[in-house]
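>>> okay, structure incoming, though there's no sequence with it:
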Ligand SMILES: Cc1cc2nc3c(=O)[nH]c(=O)nc-3n(C[C@H](O)[C@H](O)[C@H](O)COP(=O)(O)OP(=O)(O)OC[C@H]3O[C@@H](n4cnc5c(N)ncnc54)[C@H](O)[C@@H]3O)c2cc1C
């Protein structure tokens, strides 16, 4: 039968740090996780996914803004070529 000095329940940041710290001190550590993958909220549903979503939205907004700026520049050039004084066409 396996012997452990410490059993850590949960593998989020708290459990991870506890397990790593105890292992550094030479303890034989076991971890218990109810989910299929270790990492907790931070890795799977909270911090990292929310930051990834935020970065993806910001990158998309930047692309959309750049493309509307380009479109506005193209519209302006077309107006200048046609010699229209009023870009609204009125
Ligand atoms: C959307 C969102 C964004 C966030 N953004 C940030 C951020 O930018 N910066 C920041 O510092 N923090 C952020 N957080 C908070 C951060 O994710 C949590 O503070 C951190 O995950 C808490 O770690 P923990 O180890 O205490 O718990 P958890 O990460 O919840 O881990 C607990 C683990 O224990 C397991 N467990 C629970 N009960 C049992 C059981 N009975 N048996 C076996 N396993 C069990 C769970 O399955 C889980 O894996 C965010 C949270 C969310 C939801």
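Now that the structure is in, tell me what you want to look at. Quantities reported herein were computed from a predicted structural model and do not represent experimental measurements.

>>> the closest residue to residue 9 other than its chain neighbours: neighbour count?
Closest residue to residue 9 apart from its sequence neighbours, by CB to CB, 6 or more residues apart in numbering: residue 32 at 4.8 Å. Bear in mind the C-beta positions are built from the backbone N, C-alpha and C, glycine included. Neighbour count for residue 32, taken as other CB atoms under 10 Å: 10.

>>> how close does residue 32 sit to the ligand?
In this view, residue 32 and the ligand are 5 Å apart by CB to the nearest ligand atom, to the nearest Å.

>>> before we move on, what about residue 46?
3 Å.

>>> cool, and residue 48?
8 Å.

>>> dump the residue contacts of residue 11.
19, 31, 33, 38, 39, 40 (CB atoms under 8 Å, 6 or more residues apart in numbering).

>>> touching, the residue nearest to residue 9 and residue 6? I think so.
No. The pair residue 32 / residue 6 is not scored as a contact, 11.1 Å apart, by CB atoms under 8 Å.

>>> output the below-cut-off pLDDT ranges for this protein.
84-90 (pLDDT under 70).

>>> can you give me the domain boundaries for it?
Here the domain parsing of the chain from automatic domain parsing is 1-44, 46-80.

>>> so the residue lying closest to residue 5 once chain neighbours are set aside: helix, strand or coil?
Excluding the flanking residues, the one nearest residue 5 by CB to CB, 6+ apart is residue 27, at 4.0 Å. When classified by DSSP: H, G, I helix; E, B strand; the rest coil, residue 27 comes out as coil.
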